[in-house]
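Asker: only the shape, not the letters, is given here:
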């Protein structure tokens, strides 16, 4: 099932999309990657969904990626003695470690790491930013605040601390249990929530040990300040606009999104734009025009993938949401301005032989009437590099490693094929590339394909070979 587009679609599974028939329909509508959100659901439910995804993959004969999204540290206030309370602007409100249920003057906040990092003047956001507090006086066990923006506060509501780097790991005990389970399942990507620093990503990389690729979710201002090191430590990045939109002023989010996409494209790392992309389709069969434009803008920027959350997980129209996203992407990519924008926003690659080969792939495809690019890769590095250059033709990626083939399903322009046929020399490499390109409907007899691989063949990290062949 060849996708007639380059950008990919990530669809979150949930109560509205747990059965085999629905997952099959989402794949048919255009989903390339399925997200298992470990903030919700049991391990048994995730296992069942995973098994359905693999069944669909076998039916389609095409690698499908599975992304396990870890919950991360959720900071919440504690209980309130008499239910919701009203906080008035200008009033004093205390937060502390005392577990006694709170009232309209104080509330328990069972997170000593927050108090350890606070200073007078720091801002605390409650209930997704609906309430805002300013710290007046604080200590290791309390903070006395002034209510800047008031409203009703219910117990167990979330707390965001946008201006502070908190001394806590991005991995909670729950996350460690979930990560172990996800790796045992055999997921292809692991998404790490609430990343603050590169060390958070490096910690997960040490645990994963190459069994999956690690995606860092950028949803805190501290992560933006450390963006380049985080991108370098990650295999991919997500612009997670939900919490990012809580901790940043709304008008800053579009600019930050563009900065993250540019940084990832410069580094050759896949980037996913996520959250509220077609939000109205949770309850309506069509999106707003603003939502369609939001998806389109992410594609014009060169994002590798766009993601559906509640739209496909719990909405009334999961298949329609995927199909709509597919249509928007294809419409954008058919626009001549899209190609000009992608070319204009490219970055020079590193001065290395594999990058020079992949740059030559793109230039060759622009100069000659090339039907497609074929990459031979074991680790996936050649295909990642080829996608970084955003060529004007699709990249047909052949790999003997099924895990690599699945991981590449997230990457812009890459049509991933698990192909373990042994091809020991250049004539057979070319013959195999032409045969697969024709079989997958990327090329017809007489078309030109451009091939990249490494010599000696099959050795990871040796991309040094470019060949032009006629089918």
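Answerer: Looks like it came in fine. This is a predicted model, so every value here is computed, not measured.

Asker: now residue 272: which helix or strand?
Answerer: Assigned by DSSP states H and E, residue 272 belongs to strand 271-274.

Asker: now do the helix or strand just after that strand, average pLDDT.
Answerer: Counting by DSSP H and E, the element after strand 271-274 in chain order, helix or strand, is helix 289-301. The average pLDDT within helix 289-301 is 97.

Asker: just stretch 452-469 next, same as before
Answerer: If you average the per-residue pLDDT over stretch 452-469, you get 79.

Asker: just stretch 255-262 next, same as before
Answerer: Rounded to a whole number, the mean pLDDT of stretch 255-262 is 97.

Asker: residues of it that come out buried?
Answerer: Of the residues in stretch 255-262, those with enough neighbours to count as buried (16 or more other C-beta atoms under 10 Å) are 256, 257, 260, 261, 262. (Glycine included, C-beta is placed from N, CA and C.)

Asker: pretty sure the fourth one sits in a strand.
Answerer: No. Under DSSP: H, G, I helix; E, B strand; the rest coil, residue 261 falls outside any strand and is assigned helix.

Asker: what about the closest residue to it other than its chain neighbours, distance to residue 226?
Answerer: On the basis of C-beta to C-beta, 6 or more residues apart in numbering, the spatially nearest residue to residue 261 that is not a chain neighbour turns out to be residue 301, at 4.7 Å. To residue 226, residue 301 is 21 Å away according to C-beta to C-beta, to the nearest Å.

Asker: which helix of the protein spans the most residues?
Answerer: Using DSSP state H to define each element, the chain has its longest helix at helix 43-60.

Asker: and that helix, what other elements does it pack with?
Answerer: Applying 3 or more C-beta pairs under 8 Å, 6 or more residues apart in numbering; DSSP states H and E, one finds that helix 43-60 contacts helix 20-29, strand 33-37, strand 65-69, helix 173-185.

Asker: so which of these gets nearest residue 330?
Answerer: Judged by C-beta to C-beta, the one of the helices and strands packed on helix 43-60 that comes nearest to residue 330 is helix 20-29, at 12.4 Å.

Asker: helices or strands up against the closest one?
Answerer: Here helix 20-29 is seen to pack against helix 43-60, helix 318-333 when contacts are counted using 3+ C-beta pairs under 8 Å, 6+ apart.

Asker: mind putting those into a markdown table with mean neighbour count and distance to residue 171?
Answerer: Supplementary listing: those in a markdown table, determined by neighbours: other C-beta atoms under 10 Å; distance: least, C-beta to C-beta, whole Å:
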| stretch | mean neighbour count | distance to residue 171 |
| --- | --- | --- |
| helix 43-60 | 16 | 17 |
| helix 318-333 | 22 | 30 |
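
Asker: need those in TSV with distance to residue 130, can you?
Answerer: As requested, the helices and strands packed on helix 20-29 are arranged in TSV below (distance: least, C-beta to C-beta, whole Å):
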stretch	distance to residue 130
helix 43-60	30
helix 318-333	27
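
Asker: quick one: closest of those helices to residue 208.
Answerer: The closest of the helices and strands packed on helix 20-29 to residue 208 is helix 43-60. By C-beta to C-beta, the value is 17.0 Å.

Asker: what residues does that closest one touch?
Answerer: Identification of contacts with helix 43-60 by C-beta atoms under 8 Å, 6 or more residues apart in numbering yields 1, 13, 18-20, 23-24, 27, 34, 36, 38, 63-64, 66, 68, 178, 181-182, 185-187.

Asker: just the buried residues from these, in PyMOL please.
Answerer: In PyMOL, this line selects whichever of the contacts of helix 43-60 come out buried by 16+ other C-beta under 10 Å:
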select buried, resi 13+18+23+24+27+34+36+38+63+64+66+68+178+182+185+187
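
Asker: now do the strand holding residue 272, average pLDDT.
Answerer: When the per-residue pLDDT values of strand 271-274 are averaged, the result is 98.

Asker: which secondary structure elements does it contact?
Answerer: When contacts are defined as 3+ C-beta pairs under 8 Å, 6+ apart, strand 271-274 packs onto strand 236-240, helix 241-247, helix 253-267, strand 305-308.

Asker: direction included, what does the first one pair against?
Answerer: Looking back up the chat, that one is strand 236-240. Within its sheet, strand 236-240 is paired with strand 213-218 (parallel), strand 271-274 (parallel), according to DSSP bridges.

Asker: can I get the ones you listed in JSON lines including distance to residue 114 and mean neighbour count?
Answerer: Putting the strands paired with strand 236-240 into JSON lines (distance: least, C-beta to C-beta, whole Å; neighbours: other C-beta atoms under 10 Å) gives the following:
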{"stretch": "strand 213-218", "distance to residue 114": "20", "mean neighbour count": "25"}
{"stretch": "strand 271-274", "distance to residue 114": "26", "mean neighbour count": "26"}
